[in-house]
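Student: Prediction below, plus the sequence it came from.
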There are 6 protein chains.
Amino acid sequence: MNGIRTIWNEGRAAILGWVHIPSLLAVETLARCGYDGLVIDLQHGEADLASAMPLLPAILAAGIEPLVRMQANDAGDIGRMLDFGAYGVIAPLINNAEDAARFAGALHYPPQGVRSFGPRRPPMRHGSDYFAQASQTIVSLAMVETREALDNLDAIIGTAGLDGIFIGPADLSVALGKPPRADTEDADVLSAIRHIIARCKAGGRKVGIFCNDGSYGRRMIAEGCDLVSLAPDLTMMATAARASVQAARA
Amino acid sequence: MNGIRTIWNEGRAAILGWVHIPSLLAVETLARCGYDGLVIDLQHGEADLASAMPLLPAILAAGIEPLVRMQANDAGDIGRMLDFGAYGVIAPLINNAEDAARFAGALHYPPQGVRSFGPRRPPMRHGSDYFAQASQTIVSLAMVETREALDNLDAIIGTAGLDGIFIGPADLSVALGKPPRADTEDADVLSAIRHIIARCKAGGRKVGIFCNDGSYGRRMIAEGCDLVSLAPDLTMMATAARASVQAARA
Amino acid sequence: MNGIRTIWNEGRAAILGWVHIPSLLAVETLARCGYDGLVIDLQHGEADLASAMPLLPAILAAGIEPLVRMQANDAGDIGRMLDFGAYGVIAPLINNAEDAARFAGALHYPPQGVRSFGPRRPPMRHGSDYFAQASQTIVSLAMVETREALDNLDAIIGTAGLDGIFIGPADLSVALGKPPRADTEDADVLSAIRHIIARCKAGGRKVGIFCNDGSYGRRMIAEGCDLVSLAPDLTMMATAARASVQAARA
Amino acid sequence: MNGIRTIWNEGRAAILGWVHIPSLLAVETLARCGYDGLVIDLQHGEADLASAMPLLPAILAAGIEPLVRMQANDAGDIGRMLDFGAYGVIAPLINNAEDAARFAGALHYPPQGVRSFGPRRPPMRHGSDYFAQASQTIVSLAMVETREALDNLDAIIGTAGLDGIFIGPADLSVALGKPPRADTEDADVLSAIRHIIARCKAGGRKVGIFCNDGSYGRRMIAEGCDLVSLAPDLTMMATAARASVQAARA
Amino acid sequence: MNGIRTIWNEGRAAILGWVHIPSLLAVETLARCGYDGLVIDLQHGEADLASAMPLLPAILAAGIEPLVRMQANDAGDIGRMLDFGAYGVIAPLINNAEDAARFAGALHYPPQGVRSFGPRRPPMRHGSDYFAQASQTIVSLAMVETREALDNLDAIIGTAGLDGIFIGPADLSVALGKPPRADTEDADVLSAIRHIIARCKAGGRKVGIFCNDGSYGRRMIAEGCDLVSLAPDLTMMATAARASVQAARA
Amino acid sequence: MNGIRTIWNEGRAAILGWVHIPSLLAVETLARCGYDGLVIDLQHGEADLASAMPLLPAILAAGIEPLVRMQANDAGDIGRMLDFGAYGVIAPLINNAEDAARFAGALHYPPQGVRSFGPRRPPMRHGSDYFAQASQTIVSLAMVETREALDNLDAIIGTAGLDGIFIGPADLSVALGKPPRADTEDADVLSAIRHIIARCKAGGRKVGIFCNDGSYGRRMIAEGCDLVSLAPDLTMMATAARASVQAARA
């Protein structure tokens, strides 16, 4: 059973780390810092599919779930990440029902979807019976982060074969005419976030959001989120480095 | 002029970052956090010579100095790092005058040393006249971290062609029969550190030390150190990650 | 002349190896084991476009043909593989005439297709006249492996600019509601395979199939296949390793 | 301000190098040979997105502009190159207004376009205000190189959000039924080139072209081009190598 | 506790795989084929230190021990492999007591040896107490494969800090004037092998040997070996590939 | 038979290219420009052992010989390059008879040398009989480039198991108190070069030299050299690029 799904089944929220630096050692270290999973960001991070390949099993070996945020809603790339051990997929820029259906199709074998068979790592975890249980082992979240997506929110939420929605607050802010911000306090953006959470609840789907500060993450869980990601590795490192230098120079 | 040397000429201490993660993006980011230079650790970090190659000019492009801590006191490897843009070299396990002389030899062209000519990146910074000024562009520190090195301290300090000593507190602690620790408060180890600092001062050489906390770094500067390195990237990231998760779970 | 095409012209079937492990040494070794060509699997293997780049000329240097199974029916990726020395292309999930036409378009220069000019390795083999003979140097097979593809079989077979069909038995089994299997004995799947072979013969096109056991490959040749691929490197290695350990423990 | 744009504002033409070899050292060297920018060719060169990543900041560090010629008109890939420090984008095979609009959309944040926010390197150059000025920092050229593109030339030129057109003479020659050639003297192709230049001028847009010889580049500038690229690294190297061997054997 | 040591403590022999192909997927697969550990061959395989880095934790994640056969008896390289998760080290060409002492020194922290402190992966397995238990977690075997080594056999065997001897039959054959062979039936070489086994037994040390066939491995265990390695991945793959092609062509 | 040796047996001089850029495509291209072999420079070029691995067979596939200039006179590294397909080895900084003997030892199997058996690529060229003929397939040149080496010239030349001497003119110039130059016209350095050539002739050994201009190479052949290397790839590219830009700007 996917660890994220287990957490959800227990009524809890999952707390994820966010990987911008595709260093195996860094990821092995982060994977032992208390997160429930790590998201390798293939869109805005330094990692791509190739550099994500060794990271996925390393995260699993630490006892937590490896997820990816795709660069795009591409069935071939999604299939590849699943074949090599991603157990969660976040797809960016899901703007309408058609995007959502294409995303869902990439995640499941026929007849539910169009995934091609050829898993390399999952049978190491799930055994030779992986084909039958594959859909259960994967969590999937569609990113809602544009005005078009807000307009088609219920249709996206209602798409079969997806677990729910992941909110991208920076792009969502831009969509609403605001500067790009995570951990936003902008009233309009917060209102949109609450609206998305509410519609997901109404539709019986999970909802997650990208955060920076742990305290903002806790607040989003209190707002109803089933999953939050916290500050990317790179952000944490830079913040700590500046403080370290300052302490030495003081 | 090497930026570290400029700082020394101004009577100040240099503050360095320490790189365990050979991610170009991470290093470009760290290089803009206020350090005077970054040390790529080829001995205990994830980087090796090949992965250090793109990092060296990226550090320089941020306006600070790129240094390397070698895996070993190997003339071929040192020459390669110099040819590709390291402007500071820290060599581990310099235990006696012979080790120190070998290290110094690797750093300088004949007749001072045995470096082979074929610089690739330094002429991009220093022009076609690099050969004549090469020795001036490089800072070099021999690591004193064993009992044998303590026994031969003055001979190492007195070696021509080196700028000074870099103290490795973890190995030094082990050498003195203590558990390996940076930022040590162990009286015997601190006494050894002060002894090394004093002998360097007496010998007219620079002295540096590996630290974790910025405040410990400041203290070592107050003790007389001309250079301190602060917490490695990986250490900072892990500490911040644990705090982040804790804040979200609280 | 492409070696596969020569074999076909002689009325024989081509026997291919299947590469899941993008190790240059492994591929150089496999390329000398008697195959007529090696297929680098970019969809379900560890290789991607970047890691396939050095493998393609290494296969050719052994005197056999380098082929690729694409991750997707993507004209940009196909062009890149052709520019860097693939002489056979197998495209997955060709489900209808439009997919097939898009695949064919990617393989040929205008006016037959839309391939962009800029070959890097083929002129090393074919000389400065490569542009004129390019289409003749490439073999191309469209994968039929879904129910939709079965429904559109004749349209796919009839597409100009393709050599024929490659059967993916695992996905085809799934499409027919059976568990994914190569070397299948399932009557329905075998019946579909024979149907595809027959339609290709009727349409004057080549037909190939993915197999595991050499004996099954021989059987498929007897059934009319013009090309068979045999067990992937990884599969052979794992089977042999288990036997080796068993022999030692016995 | 983008250096190419500055040159244009001064009424001059920009002269670019063309990179087929993704060697960091080679690119650092080329970037100091007098070009105004270097184009990393992701379509027909050895570089791909991953190998381009370290090259982009190295070009910038030499004081000139890093550009990319994409493998395809793909918004995800374009966004990635922008996030990691490309300041110019040339997209191949822009054949109609829809292609051009998709290309323009990938380059700009909403509401002008659909670029997703998450720049990694540009804030190192432009500061925290990058979002507001992003569009100004990027130059963009759509490749006209097919018959369809010629038919839709004014619609492509008229697309908002693009700087202009880049002529691919080899593919353009093929489109006109001629063998693929750069530095062409073919009357029909030259006529088409002059037509494209004239329409760009009429539409108030910039126009560039791929050349080999510097003298041909100078001629194209005289014909009205605002930007020329010169012989790829690989071509120059091979020509020089043959001459070198010949001189030694003579 | 190291799994190899546990097996030895139970009076059994360990059976190892031998890795010539540094593919992560291949190694993950081999690690689940029944071996007690995998040896990454850094001397004659395609792997080097850098490519071994991701393989070591992947082997451990499969529940068996990762070992390395070094390229040379180099303390810096050995330290690096230990810092990154090798739990067994086989050093080639140990020819005399001095070589053996140098090898042993590289394996242990002071005062037993000269290993420098900075483990990256072992604390993930053994916790913060790793320093104290490090020596217990590592198995070490010195290769005896030259005439000089045979002459100094008892001195090598008697070196403190090593677990025992690993026999390299191909080089040993050459040393005895025979062609290089594993699984040898040459009487002189077999006699030398038995002599080495006997001296190890007499000295209370472990002894292992490189084999190809599983049955030869079993025989060597019967002769007294505590550890055997079986056919390298590449050898198994090539043998199976030739058989596969033959079956298809028959 | 090694192609260089064949040329020598025919009384001709071999003309080599020099590789500073470890791009596979660049090397494949250079290998078809008329050279008799290419030297991958592991000391002052961008290539290291790992990046040289795919280049060696690519050079051979073009019908010429792959050579390496080592970073250092290291038996382990030399063995690795031989195992993976280098057919010529140039070792830097051979300063005395002991250095030369160590170099020779690394090249040959016992009893002539100490090379360890485990060739991976040479049997693909030479068959299963490679062990017996290995020494004949390799050419080897010791670099004379220091004052110490000049002092020990005859002893180096007289070392069994080496083919001859390779002159490094830049380091040799430095050794003689002159600025580092290839293609030197300095009377003292030219005199030293002629002295080395004469002693090699007297000792019945081959002699080669690093050159830049083809005409200087021709002159050195006239002076008696059996082998010359010409301008490195990077040098040729930079020279051509500057000329190209100048032509466009003129």
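Tutor: Cool, got the structure. Note that this is a predicted model, so its numbers are computed, not measured. Numbers count the residues shown, from 1 in each chain, chains lettered A, B, ... in the order given.
Student: ok, and the closest non-adjacent residue to the residue of chain A found nearest chain D?
Tutor: Relative to chain D, the nearest point of chain A is A:His44 (2.9 Å; Cβ to the nearest Cβ). (C-beta placed from N, C-alpha, C; glycine too.) Counting by Cβ to Cβ, 6 or more residues apart in numbering or on different chains, D:Gly118 is the residue found nearest to A:His44 once chain neighbours are left out, at 2.9 Å.
Student: got a list of what the one you found touches?
Tutor: A:Gln43, A:His44, A:Ala170, D:Asp83 (Cβ atoms under 8 Å, 6 or more residues apart in numbering or on different chains).
Student: could you pull out the strands for chain A?
Tutor: A:14-19, A:37-41, A:65-69, A:88-91, A:139-144, A:164-167, A:206-210, A:227-232 (DSSP state E).
Student: on that earlier part again, the residue of chain A closest to chain D is in contact with D:Ser116, isn't it?
Tutor: Yes. At 7.2 Å, A:His44 and D:Ser116 qualify as touching, with contact defined as Cβ atoms under 8 Å.
Student: which regions of chain A lie under the pLDDT threshold?
Tutor: Along chain A, segments meeting pLDDT under 70 are nowhere present.
Student: Any idea which residue is closest to the centre of chain A?
Tutor: A:Ile90 (4.3 Å; Cα atoms, centre = their mean).
Student: Make sure that one is actually in contact with A:Leu67.
Tutor: Yes. Assessed by Cβ under 8 Å, A:Ile90 is found in contact with A:Leu67 at 6.5 Å.
Student: shared neighbours of these two, anything?
Tutor: With Cβ under 8 Å, 6+ apart, A:Ile90 and A:Leu67 have common neighbours A:Val39.
Student: neighbour-wise, which of A:His44 and D:Ser116 wins?
Tutor: D:Ser116 (27 against 23; other Cβ atoms under 10 Å in any protein chain shown).
Student: how close does that one get to D:Thr239?
Tutor: In this view, D:Ser116 and D:Thr239 are 42 Å apart by Cβ to Cβ, to the nearest Å.
Student: got it, and A:Thr235?
Tutor: Distance from A:Thr235 to D:Thr239, by Cβ to Cβ: 48 Å.
Student: Taking chain A, what residue is nearest to chain C?
Tutor: A:Gly118 (2.9 Å).
Student: which parts of chain A sit against chain E?
Tutor: Contact residues, chain A versus chain E (Cβ under 8 Å from any Cβ of the partner chain): A:24-25, A:28-29, A:32, A:53-54, A:57-58, A:60-62, A:84, A:120-121, A:124.
Student: Which residue would be the closest one in chain A to chain E?
Tutor: Closest point on chain A to chain E, by Cβ to the nearest Cβ, is A:Ala61, at 3.8 Å.
Student: number of nearby residues for the residue nearest to that residue when sequence neighbours are not counted?
Tutor: Once flanking residues are discounted, A:Ala61 sits nearest to E:Ala61: 3.8 Å by Cβ to Cβ, 6+ apart. E:Ala61 has 17 neighbouring residues, counting by other Cβ under 10 Å.
Student: Just the ones of the residues of chain A next to chain E in helices?
Tutor: A:Leu24, A:Leu25, A:Glu28, A:Thr29, A:Pro57, A:Ala58, A:Leu60, A:Ala61, A:Met124 (DSSP state H).
Student: Please spell out the ChimeraX selection for the buried subset of the residues you listed.
Tutor: A single ChimeraX command is used to select the members of these judged buried by 16 or more other Cβ atoms under 10 Å in any protein chain shown:
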select /A:24,25,28,29,57,58,60,61,124
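Student: Now the two most distant members of the ones in helices among the residues of chain A next to chain E.
Tutor: Spanning the widest gap among those are A:Thr29 and A:Met124, at 22.9 Å by Cβ to Cβ.
Student: Next to chain D in this structure, residues from chain A, please.
Tutor: A:20, A:43-46, A:48, A:50-51, A:71-72, A:74, A:92-93, A:145-147, A:168, A:170-171, A:174-175, A:177, A:179-180.
Student: Going through those, which ones are buried?
Tutor: Here, 16+ other Cβ under 10 Å leaves A:20, A:43-46, A:48, A:50-51, A:71-72, A:74, A:92-93, A:145-147, A:168, A:170-171, A:174-175, A:180 buried among the residues of chain A next to chain D.
Student: Wait, A:Ala250 touches B:Ile221, no?
Tutor: No. Checked against Cβ under 8 Å, the pair A:Ala250 and B:Ile221 is beyond contact range at 10.8 Å.
Student: Looking at the two, which is more packed in?
Tutor: B:Ile221 (21 against 8).
Student: tell me the contacts of the more buried one?
Tutor: B:Ile221 neighbours (Cβ under 8 Å, 6+ apart): A:Ala248, B:Ala13, B:Val228.
Student: Which member of the residues you listed is positioned nearest B:Phe103?
Tutor: Using Cβ to Cβ, the contacts of B:Ile221 come closest to B:Phe103 at B:Val228, 21.0 Å.
Student: Around the nearest residue to the closest one once chain neighbours are set aside, count how many other residues there are.
Tutor: Nearest residue to B:Val228 in three dimensions, chain neighbours excluded: B:Gly217, at 4.0 Å (Cβ to Cβ, 6+ apart). Neighbour count of B:Gly217, defined by other Cβ under 10 Å: 28.
Student: Spit out the contact partners of B:Gly217.
Tutor: So B:Gly217 contacts A:Ser244, A:Ala247, A:Ala248, B:Ile15, B:Cys211, B:Val228, B:Ser229, B:Leu230 (Cβ under 8 Å, 6+ apart).
Student: ok, now which ones touch the second one?
Tutor: Neighbouring residues of A:Ala247 by Cβ under 8 Å, 6+ apart: B:Asp213, B:Gly214, B:Ser215, B:Gly217, B:Arg218.
Student: Now, of those, which are buried?
Tutor: The buried subset of the contacts of A:Ala247 - by 16+ other Cβ under 10 Å - is B:Gly214, B:Gly217, B:Arg218.
Student: Now A:Gly204, what are its backbone angles?
Tutor: phi 70, psi 30 (degrees, to the nearest 10).
Student: Tell me which of the buried ones among the residues of chain A next to chain D fall in helices.
Tutor: Using DSSP H, these in helices are A:Ala50, A:Ser51, A:Arg147, A:Ala170, A:Asp171, A:Val174, A:Ala175.
Student: Most widely separated two among these?
Tutor: Across these (Cβ to Cβ), the longest gap, 33.6 Å, separates A:Ala50 and A:Arg147.
Student: returning to that earlier point: between A:Thr235 and D:Thr239, which one's more packed in?
Tutor: Taking other Cβ under 10 Å, A:Thr235 and D:Thr239 do not tie; A:Thr235 has more neighbours (18 against 15).
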